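[1] heads up, no residue letters with this:
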């Protein structure tokens, strides 16, 4: 799926890809954000969290989480 993220540095909207992936008997999403190693996000207890990331800029993480909330509604 393609999600639209507001890039924290420029405030421009960019489209990024998210691919479904199995994670602990749930569906998670592999996020491909420009310039960052792809990372996995899953919704737990109503909150989106990253589960296999290294150090990711918190502003980028928040932008992706906000975009995931929009497509989750």
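    Sure, I can see it. Because the structure is a prediction, the values reported are computed rather than measured. Numbering: from 1, shown residues only.

[2] continuing past the top strand by length along the chain, what's the next helix or strand?
    The longest strand of the chain (DSSP state E) is strand 13-23. Past strand 13-23, further along toward the C-terminus, the next helix or strand under DSSP states H and E is strand 26-32.

[3] tell me the strands beside that following strand, with direction?
    On the basis of DSSP bridges, the sheet neighbours of strand 26-32 come out as strand 13-23 (antiparallel), strand 39-44 (antiparallel).

[4] residues in contact with the first one?
    Contacting residues not belonging to strand 13-23 are listed as 1-7, 27-34, 40-42, 51, 64, 67-68 [C-beta atoms under 8 Å, 6 or more residues apart in numbering]. For glycine as for every other residue, the C-beta is placed from the backbone atoms N, C-alpha and C.

[5] how about it: buried residues?
    Of the residues in strand 13-23, those buried under the neighbour-count criterion (16 or more other C-beta atoms under 10 Å) are 16, 18.

[6] how far off centre is that strand?
    Centroid displacement of strand 13-23 relative to its chain, using C-alpha atoms, centre = their mean, to the nearest Å, is 7 Å.

[7] repeat that for stretch 47-66.
    The chain centre lies 6 Å from the centre of stretch 47-66; the measure is C-alpha atoms, centre = their mean.

[8] show me the contacts for the spatially most central residue of the chain.
    Relative to the mean C-alpha position of the chain, the nearest C-alpha, by C-alpha atoms, centre = their mean, is the one of residue 64, at 4.2 Å. Remark: with contacts taken as C-beta under 8 Å, 6+ apart, residue 64 is in contact with 3, 5, 16, 31, 33, 41.

[9] check the residues you listed for burial and list the buried ones.
    Judged by neighbour count, with 16+ other C-beta under 10 Å as the criterion, the buried members of those are 3, 5, 16, 31, 33, 41.

[10] can you tell me the closest non-neighbouring residue to the first one?
    Put plainly, it is residue 3. Spatial nearest neighbour of residue 3, chain neighbours left out: residue 67 (4.5 Å); criterion: C-beta to C-beta, 6 or more residues apart in numbering.
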